[in-house]
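>>> All I have is the shape, not the residue letters:
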(Lines give C-alpha, C1' and ligand atoms only; values in the text may rest on other atoms or scores of the structure.)
Protein backbone atom coordinates (compact mmCIF):
# COMPACT_ATOMS: atom_id res chain seq x y z
CA UNK A 1 0.00 0.00 0.00
CA UNK A 2 1.37 3.42 -0.97
CA UNK A 3 2.16 6.00 1.70
CA UNK A 4 2.41 9.77 1.72
CA UNK A 5 4.89 12.16 3.32
CA UNK A 6 5.23 15.94 2.92
CA UNK A 7 8.74 17.38 2.50
CA UNK A 8 9.67 21.05 2.79
CA UNK A 9 13.19 21.83 1.64
CA UNK A 10 13.48 25.31 0.18
CA UNK A 11 12.13 25.97 -3.29
CA UNK A 12 9.76 23.13 -4.10
CA UNK A 13 10.74 22.95 -7.78
CA UNK A 14 14.04 21.18 -7.06
CA UNK A 15 12.68 18.99 -4.27
CA UNK A 16 9.93 17.75 -6.59
CA UNK A 17 12.30 17.11 -9.51
CA UNK A 18 14.72 15.24 -7.22
CA UNK A 19 12.05 13.10 -5.54
CA UNK A 20 10.52 12.13 -8.90
CA UNK A 21 13.82 10.50 -9.89
CA UNK A 22 13.79 8.05 -6.98
CA UNK A 23 12.53 4.52 -7.63
CA UNK A 24 9.42 3.90 -5.56
CA UNK A 25 8.11 7.46 -5.80
CA UNK A 26 4.68 7.15 -7.39
CA UNK A 27 3.48 10.75 -7.46
CA UNK A 28 4.57 14.23 -6.39
CA UNK A 29 2.74 17.53 -6.07
CA UNK A 30 4.05 20.95 -5.07
CA UNK A 31 2.09 23.00 -2.60
CA UNK A 32 2.01 24.96 0.63
CA UNK A 33 1.78 23.28 4.03
CA UNK A 34 1.21 23.96 7.69
CA UNK A 35 0.19 27.57 7.38
CA UNK A 36 -2.48 29.69 9.03
CA UNK A 37 -5.11 29.11 6.33
CA UNK A 38 -6.46 26.17 4.34
CA UNK A 39 -6.02 27.90 0.96
CA UNK A 40 -3.25 30.24 -0.09
CA UNK A 41 -1.63 31.52 -3.29
CA UNK A 42 2.05 31.79 -4.16
CA UNK A 43 1.81 35.59 -4.01
CA UNK A 44 0.34 35.43 -0.51
CA UNK A 45 3.02 33.00 0.67
CA UNK A 46 5.74 35.34 -0.63
CA UNK A 47 4.27 38.66 0.51
CA UNK A 48 2.18 37.94 3.59
CA UNK A 49 2.79 36.19 6.88
CA UNK A 50 0.81 33.05 6.04
CA UNK A 51 3.07 30.60 7.86
CA UNK A 52 3.07 28.18 4.91
CA UNK A 53 6.17 26.31 3.76
CA UNK A 54 6.81 25.39 0.14
CA UNK A 55 6.28 21.64 0.35
CA UNK A 56 6.17 18.58 -1.89
CA UNK A 57 3.59 15.87 -1.33
CA UNK A 58 5.36 12.58 -2.03
CA UNK A 59 3.37 9.38 -2.57
CA UNK A 60 5.70 6.39 -2.46
CA UNK A 61 5.76 2.61 -2.30
CA UNK A 62 7.49 1.64 0.98
CA UNK A 63 8.22 -1.84 -0.38
CA UNK A 64 10.54 -0.24 -2.95
CA UNK A 65 11.57 2.89 -1.05
CA UNK A 66 11.27 2.64 2.74
CA UNK A 67 10.71 5.92 4.56
CA UNK A 68 14.19 5.77 6.11
CA UNK A 69 15.80 5.70 2.66
CA UNK A 70 13.46 8.37 1.28
CA UNK A 71 14.43 10.67 4.19
CA UNK A 72 18.11 9.86 3.67
CA UNK A 73 17.72 10.95 0.04
CA UNK A 74 15.93 14.14 1.09
CA UNK A 75 18.67 15.12 3.52
CA UNK A 76 21.33 14.49 0.87
CA UNK A 77 20.10 17.69 -0.83
CA UNK A 78 18.57 19.68 2.04
CA UNK A 79 20.66 21.24 4.80
CA UNK A 80 18.84 20.47 8.05
CA UNK A 81 20.83 23.16 9.90
CA UNK A 82 19.66 26.12 7.80
CA UNK A 83 16.83 28.05 9.41
CA UNK A 84 14.31 29.53 6.97
CA UNK A 85 16.66 29.09 4.05
CA UNK A 86 17.96 26.62 1.47
CA UNK A 87 20.53 27.73 -1.06
CA UNK A 88 19.76 31.28 -2.16
CA UNK A 89 16.12 31.10 -1.06
CA UNK A 90 15.52 32.96 2.19
CA UNK A 91 12.29 33.31 4.17
CA UNK A 92 10.03 31.24 6.39
CA UNK A 93 8.36 29.70 3.33
CA UNK A 94 11.73 28.06 2.56
CA UNK A 95 12.15 26.40 5.96
CA UNK A 96 12.85 22.69 5.97
CA UNK A 97 10.47 20.23 7.47
CA UNK A 98 9.00 16.78 7.37
CA UNK A 99 5.24 16.72 7.84
CA UNK A 100 3.64 13.33 8.40
CA UNK A 101 0.10 11.97 8.19
CA UNK A 102 0.72 8.58 9.81
CA UNK A 103 1.69 8.70 13.49
CA UNK A 104 3.94 5.64 13.07
CA UNK A 105 6.13 7.68 10.67
CA UNK A 106 7.03 10.07 13.48
CA UNK A 107 9.47 7.63 15.14
CA UNK A 108 11.29 7.02 11.85
CA UNK A 109 11.55 10.77 11.21
CA UNK A 110 12.75 11.49 14.75
CA UNK A 111 15.44 8.77 14.45
CA UNK A 112 16.67 10.48 11.27
CA UNK A 113 16.76 13.87 13.03
CA UNK A 114 18.73 12.36 15.93
CA UNK A 115 21.22 10.88 13.46
CA UNK A 116 21.52 14.21 11.63
CA UNK A 117 22.19 16.00 14.91
CA UNK A 118 25.01 13.56 15.70
CA UNK A 119 26.77 14.21 12.38
CA UNK A 120 26.24 18.00 12.31
CA UNK A 121 28.00 20.49 14.54
CA UNK A 122 25.24 23.08 14.13
CA UNK A 123 21.76 22.49 15.56
CA UNK A 124 19.30 20.68 13.30
CA UNK A 125 16.31 22.99 12.77
CA UNK A 126 14.13 20.73 10.62
CA UNK A 127 10.49 20.90 11.66
CA UNK A 128 8.93 17.53 12.43
CA UNK A 129 5.18 17.96 12.74
CA UNK A 130 1.95 16.32 11.75
CA UNK A 131 0.51 17.74 8.55
CA UNK A 132 -1.99 20.44 9.50
CA UNK A 133 -2.98 21.50 6.01
CA UNK A 134 -1.77 21.33 2.42
CA UNK A 135 -2.87 23.43 -0.52
CA UNK A 136 -1.70 22.47 -4.02
CA UNK A 137 0.42 25.10 -5.73
CA UNK A 138 -0.67 26.75 -8.94
CA UNK A 139 -0.37 24.67 -12.12
CA UNK A 140 2.68 26.57 -13.36
CA UNK A 141 4.59 25.36 -10.26
CA UNK A 142 3.73 21.69 -10.88
CA UNK A 143 6.70 19.84 -12.45
CA UNK A 144 8.24 23.24 -13.15
CA UNK A 145 11.71 21.97 -14.03
CA UNK A 146 10.25 19.50 -16.54
CA UNK A 147 8.58 22.43 -18.29
CA UNK A 148 11.60 24.74 -17.80
CA UNK A 149 14.75 22.58 -17.83
CA UNK A 150 17.03 25.59 -17.43
CA UNK A 151 14.97 27.01 -14.56
CA UNK A 152 16.42 27.91 -11.19
CA UNK A 153 17.18 25.03 -8.84
CA UNK A 154 19.17 25.00 -5.59
CA UNK A 155 19.54 21.21 -5.87
CA UNK A 156 21.97 19.38 -8.12
CA UNK A 157 19.60 16.90 -9.75
CA UNK A 158 22.50 14.63 -10.70
CA UNK A 159 22.74 13.87 -6.99
CA UNK A 160 19.61 11.71 -7.36
CA UNK A 161 21.35 9.40 -9.82
CA UNK A 162 24.36 9.17 -7.50
CA UNK A 163 22.12 8.43 -4.51
CA UNK A 164 20.26 5.72 -6.44
CA UNK A 165 23.54 4.01 -7.39
CA UNK A 166 25.10 4.30 -3.92
CA UNK A 167 22.01 2.88 -2.21
CA UNK A 168 21.31 0.01 -4.60
CA UNK A 169 17.99 1.42 -5.79
CA UNK A 170 18.52 0.82 -9.49
CA UNK A 171 15.42 -0.54 -11.20
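Yep, it's here. None of these values were measured; they are calculated from a predicted model.
>>> What lies in contact with the helix or strand containing residue 56?
In this assignment (DSSP states H and E), residue 56 forms part of strand 53-60. Residues from elsewhere that reach strand 53-60, judged by C-beta atoms under 8 Å, 6 or more residues apart in numbering: 2-12, 15-16, 19, 22, 24-35, 45, 67, 70, 92-95, 97, 99, 127, 134, 137. (Glycine included, C-beta is placed from N, CA and C.)
>>> Now which of those would you call buried?
Neighbour-count burial (16 or more other C-beta atoms under 10 Å) is assigned, among these, to 3-12, 15-16, 19, 22, 24-25, 28-35, 45, 67, 70, 93-95, 97, 99, 134, 137.
>>> Let me know how buried residue 156 is, in neighbour terms.
12 (other C-beta atoms under 10 Å).
>>> quick one, what contacts it?
Counted by C-beta under 8 Å, 6+ apart, residue 156 has contacts residue 77.
>>> tell me the secondary structure for it?
coil (DSSP: H, G, I helix; E, B strand; the rest coil).
>>> Go through the very next helix or strand once past the strand holding residue 56 and flag the buried ones.
Using DSSP H and E, the helix or strand that follows strand 53-60 in sequence is helix 67-77. By neighbour count on 16+ other C-beta under 10 Å, the buried set for helix 67-77 is 67, 69, 70, 71, 73, 74, 75, 76, 77.
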